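J.: This is a predicted model, with the sequence first.
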Amino acid sequence: MVSRLILQSLAWLVFMGVLLFGAAGTLAWPAAWWYLLELALLSLWLGLWLARHDPALLAERLAPFVQAQQSRWDRLFVVAVGLVWVGWMILMSFDAMRFRWSAPLPLWLTGCGALCVLLCIVWCRDVFRANSYAAPVVKIQASRGHKVADTGPYAYVRHPMYADALLFFLGTPLMLGSWWGLVALPVMAYGFGWRAVREERVLAEQLGGYAEYMARVRYRFVPFIW
């Protein structure tokens, strides 16, 4: 399992590097190297933590993003997110390096971006600790005894991982020095919000106790806001 984690993580990082440096037209982009290094270290840390504490969840996280158990709408959503992701990487590379549309970001903002990425992944560990069924696809994991998660961050919001992901979409363009990259934040916020509503319908219909959980925990992403 650990070898598979390392291979998949390495393949993903290489793919991101090809997108970033290929679109930038240069390898002389220190911000991108620091970004990939931070992702590599944090992803390895989180993956090894999962391998030790919840290998079944790690297996789910390493599974393909398109699966037979998914609803058609979720398959389309995952594919759309993948396409947006590729376009986003290219846009930030064009903006920050190849064409330099954006004015340079101050160092303190770059540091804030690195902090956002760090907090996203660290808080994801809290999500995984509270919810052993946090698969990357929307499905009921009956074979694993799927049940409602209502402790930890789930005691405050119904979709803490989506909220964490928004930190990532804020931090990445700040780290890479691309103002234009921030356009992904409202796009992804809307997309994850749409998915959250559809996901809740599935869970309320097929997972015992989820409707009652929704009644107890009112907010999806941010307490007192939505």
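T.: Thanks, I have it. Residues are numbered from 1 along each chain as shown.

J.: ok, the residue lying farthest from the centre of the chain - contacts?
T.: Distance from the C-alpha centroid of the chain, by C-alpha atoms, centre = their mean, peaks at F99 (27.7 Å). Residues near F99 by C-beta atoms under 8 Å, 6 or more residues apart in numbering: none. Every residue, glycine included, has its C-beta placed from N, CA and C.

J.: Could I get the phi/psi values of it?
T.: The phi/psi pair for F99 (degrees, to the nearest 10) reads phi -110, psi -20.

J.: From M92, how far off is it?
T.: F99 sits 11 Å away from M92, taking C-beta to C-beta, to the nearest Å as the criterion.

J.: And G82, by the same measure?
T.: As judged by C-beta to C-beta, G82 and M92 stand 16 Å apart.

J.: where do the strands sit along this protein?
T.: Using DSSP state E, no strands are found in the chain.

J.: in it, which residue is closest to the centre?
T.: Most central in the chain (C-alpha atoms, centre = their mean) works out to A165, at 4.4 Å.

J.: Isn't that one up against C120?
T.: Yes. Counting by C-beta atoms under 8 Å, A165 touches C120, with 6.8 Å between them.

J.: just to revisit the earlier point, between G82 and M92, tell me which one has more neighbours.
T.: M92 (30 against 12; other C-beta atoms under 10 Å).

J.: list the contacts for the more buried one?
T.: In this structure, M92 makes contact with L20, T172, P173, L176, S178, W180, G181, judged by C-beta under 8 Å, 6+ apart.

J.: give me the low-pLDDT residue ranges for the protein?
T.: Applying pLDDT under 70 to the chain picks out no residues at all.

J.: Swap in 90 and give it another go.
T.: Residue ranges of the chain with pLDDT under 90: 1-3, 5, 63-72, 102-103, 141-145, 184, 223-226.

J.: Adding distance to W12, write the contacts of M92 out as a markdown table.
T.: Below are the contacts of M92 laid out as a markdown table (distance: C-beta to C-beta, whole Å):
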| residue | distance to W12 |
| --- | --- |
| L20 | 13 |
| T172 | 14 |
| P173 | 19 |
| L176 | 17 |
| S178 | 20 |
| W180 | 23 |
| G181 | 19 |
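
J.: Farthest-apart pair in those, please.
T.: Maximum pairwise distance in these, criterion C-beta to C-beta, is 14.2 Å, between L20 and W180.

J.: okay, these two: which has more neighbours?
T.: Set L20 next to W180 and count neighbours by other C-beta under 10 Å: L20 wins out with 23 against 16.

J.: Run through the residues that contact that one.
T.: W29, A32, L36, M89, M92, S93, L176.

J.: just F192 next, same as before
T.: Contacts here follow C-beta under 8 Å, 6+ apart; on that basis F192 touches H159, Y162, A165, L166, F221.

J.: which one of those is nearest M214?
T.: When these are ranked by distance to M214 (C-beta to C-beta), H159 comes first, at 11.2 Å.

J.: That closest one reaches R198, doesn't it?
T.: No. H159 lies out of contact with R198 (C-beta under 8 Å); the separation is 11.6 Å.

J.: what about the helices in the protein?
T.: Ranges of helices in the chain, per DSSP state H, are 2-24, 30-53, 55-62, 72-93, 107-130, 160-176, 184-206, 210-216.

J.: Can you tell me how far F221 is from K147?
T.: In this view, F221 and K147 are 22 Å apart by C-beta to C-beta.
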